[in-house]
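Trainee: Build me a model from this:
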Amino acid sequence: MVLLDIEGTTTPVSFVTEVLFPFARERLEDFLATLPPEERDPLVRALGTERQAEPPEARAPAWCGATPDEARASALAYSHWLMDRDRKSTTLKSFQGRIWKEGYASGALKGALYDDVLPALKRWTASERRLAIFSSGSVQAQRLLFAHSTAGDLTGFLSAYFDTTTGPKREPDSYRKIARALACPPDDALFLSDVEAELEAAAGAGLRTALCVRRETEADTPRGSGPPIIRSFDDLE
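Mentor: Residues are numbered from 1 along each chain as shown. Take a look at the predicted model:
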């Protein structure tokens, strides 16, 4: 089994930071204004609960929910605050995922992939390896990216998707849960990521690992001992 990260592994970091995130941010206000109340209000309340859990020293925007309009404005301000800090908010991911869904459906978005991804997926599938994704982006966002990618619909190659609802990517137990969910012995699984701390967690759960170093992340390549380094999926059978 091959378990893949997305950002910096299958997909350029710049696509996420310079395309997906701005796309959602620019449309969030209109999205909140036009979403039916029965769909919007539970999400806004969930975001308000996240805001109330912020410690005072975080200096998050004040939250006012006295009226629906005030709650919506508070949700927008807090969402922008979360985005500015690249915080992994489950509710924010839900907003973003729904906005991206509209973008992919309209053709305004295409999921960017490195050129070696499709040949590798074909090669691994031909050798009867099971392929899965583990990314901090929501499962919905993962499916959308691979369904509407620059290489076409690649979802047929992928058997499972996991996000941080499974657990943090830097905790070994998350990888144990994934191995159990896929009925795969940990030492039969290979996890590919561009983040060494994630690979350390996966190795702690018994998975084999390799550090994926793309040209855009070359400057951040560790220079000491650690997992094997690959610069292309072509380096793997």
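Trainee: any idea which residue sits dead centre in the protein?
Mentor: When C-alpha atoms, centre = their mean is applied to the chain, the residue found nearest the centroid is residue 137 (2.0 Å).
Trainee: For it, what are phi and psi?
Mentor: Here the main-chain torsion angles of residue 137 (degrees, to the nearest 10) amount to phi -70, psi 150.
Trainee: hang on, it packs against residue 93?
Mentor: Yes: at 6.9 Å, residue 137 counts as touching residue 93 under the criterion of C-beta atoms under 8 Å. All C-beta spots, glycine's among them, are computed from the backbone N, C-alpha and C.
Trainee: Now for those two: what residues contact both?
Mentor: Here residue 137 and residue 93 have residue 163 as joint contacts, going by C-beta atoms under 8 Å, 6 or more residues apart in numbering.
Trainee: Show me how the chain divides into domains.
Mentor: The record's domain parsing of the chain by automatic domain parsing lists 2-12+110-235, 17-106.
Trainee: if we can go back for a sec, now do the residue nearest to the centre of the chain against residue 211, distance only.
Mentor: Distance of residue 137 to residue 211, computed by C-beta to C-beta, to the nearest Å: 20 Å.
Trainee: swap in residue 162?
Mentor: 20 Å.
Trainee: Adding mean pLDDT as columns, could you present the domains of the chain in TSV?
Mentor: Formatted as TSV, the domains of the chain follow (pLDDT from 0 to 100):
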stretch	mean pLDDT
domain 2-12+110-235	93
domain 17-106	93
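Trainee: Just name the most buried of those domains.
Mentor: Scoring those by mean neighbour count under mean count of other C-beta atoms under 10 Å gives domain 2-12+110-235 as the most buried, with a mean of 18.
Trainee: which residues of this protein fall in helices?
Mentor: 13-15, 21-34, 37-52, 68-84, 90-106, 117-126, 139-147, 172-181, 196-204 (DSSP state H).
Trainee: Tell me which residues of the first one come out buried.
Mentor: For helix 13-15, a neighbour-count test (16 or more other C-beta atoms under 10 Å) marks residue 15 as buried.
Trainee: Do me a favour and average the pLDDT over it.
Mentor: For helix 13-15, the mean pLDDT works out to 94.
Trainee: So what's the gap between it and the chain middle?
Mentor: Relative to its chain's centre, helix 13-15 lies at 12 Å (C-alpha atoms, centre = their mean, to the nearest Å).
Trainee: still on that earlier bit, who's in contact with the residue nearest to the centre of the chain?
Mentor: By C-beta under 8 Å, 6+ apart, residue 137 lies in contact with 6, 7, 16, 93, 145, 163.
Trainee: do the same with residue 61
Mentor: Residue 61 is in contact with 51, 74, 77, 78, 81, counting by C-beta under 8 Å, 6+ apart.
Trainee: same thing but 7 Å
Mentor: Residue 61 makes contact with 77, 78, 81 under the criterion C-beta atoms under 7 Å, 6 or more residues apart in numbering.
Trainee: my guess is residue 46 meets residue 89, correct?
Mentor: No: in this structure, residue 46 is not within contact of residue 89 by C-beta atoms under 7 Å, at 9.4 Å.
Trainee: Adding distance to residue 199, write the contacts of residue 61 out as TSV.
Mentor: Below are those laid out as TSV (distance: C-beta to C-beta, whole Å):
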residue	distance to residue 199
77	36
78	33
81	31
